[in-house]
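[1] what's the 3D shape of this:
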Amino acid sequence: MKKLFIFIIAVFILILVPSALEYELLQIKASLSPRRLSRGQEGEIVLKFTIAEGIVINSLPNFIIELDPSEELVFPKDFFSASDLEIKVIEVNGKEFLDLTEPVNIPFTVKLSTKRGNHTVTGKVKYFAFSKEEGWCLKDKTTFSASFYTSNRIVQKKR
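    Next comes the predicted model:
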């Protein structure tokens with residue numbers, strides 16, 4: 001009888017209590033600019049964010065963009081914080097949240113040893129999401145990837 005009662009309570013909680021897992025809290029559309037690159041050329045990864053309705057992304061603890069190791073691209077760092085990328089912070093009712101309405105750009109250089117062809121860059125964003133309506137906070141991560149093409153051409157840096 002006691003096990004049945006616990007089971008009924010657990011089912012009740014799962015059905016009636018809203019869960020953060022029901023939401024896709026943060027969607028990321030990643031692309032490279034330019035998409036067609038030469039060896040030695042500089043470019044940027046462009047990340048565009050879509051946040052679920054009623055959700056905001058906390059400015060603290062850290063919002064981190066991590067880039068997976070790449071054989072084709074060189075980045076200034078392996079990870080970037082919101083302050084590194086100068087993401088604006090907005091204040092609502094005394095709480096600070098990130099303004100992710102503008103795309104985030106991360107610079108890179110194509111390695112001279114990169115082979116011609118199609119490639120993919122991958123990474124993840126670690127963040128804390130906050131539900132304004134339901135009052136919960138959740139640590140989560142979302143992955144992203146973007147494809148690009150490199151040619152045999154080498155771009156010489158200007159001196």
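[2] Distance of the residue positioned nearest the centre of the chain relative to residue 57?
    Nearest residue to the geometric centre of the chain (CA atoms, centre = their mean): residue 125, 3.4 Å. Distance of residue 125 to residue 57, given as CB to CB, to the nearest Å: 9 Å. No exception for glycine: its C-beta is placed from N, CA and C like everyone else's.
[3] One more: residue 109?
    To residue 57, residue 109 is 29 Å away according to CB to CB.
[4] for the strand or helix carrying the residue nearest to the centre of the chain, packing partners?
    In this assignment (DSSP states H and E), residue 125 forms part of strand 117-131. Contacts defined by 3 or more CB pairs under 8 Å, 6 or more residues apart in numbering; DSSP states H and E place strand 117-131 against strand 26-33, strand 42-51, strand 55-57, strand 64-67, strand 137-154.
[5] mind running it again at 10 Å?
    strand 26-33, strand 42-51, strand 55-57, strand 64-67, strand 79-81, strand 95-98, strand 104-110, strand 137-154 (3 or more CB pairs under 10 Å, 6 or more residues apart in numbering; DSSP states H and E).
[6] hmm, back to that, you'd agree the residue nearest to the centre of the chain is up against residue 45?
    No. Here residue 125 does not reach residue 45: they are 11.8 Å apart, not a contact under CB atoms under 10 Å.
[7] Residues that sit against both of those two, list them.
    Counting by CB atoms under 10 Å, 6 or more residues apart in numbering, the residues touching both residue 125 and residue 45 are 30, 65, 104, 144.
[8] who wins for most neighbours among these?
    Using other CB atoms under 10 Å as the neighbour test, the shared contacts of residue 125 and residue 45 are led by residue 65, with 24 neighbours.
[9] How many residues are close by residue 41?
    Neighbours around residue 41, by other CB under 10 Å: 18.
[10] mind listing what the closest residue to it other than its chain neighbours touches?
    Distance criterion CB to CB, 6 or more residues apart in numbering; nearest residue to residue 41, sequence neighbours excluded, is residue 155 at 4.3 Å. Contacts of residue 155 were listed using CB under 10 Å, 6+ apart, and they are 37-42, 109-110, 112.
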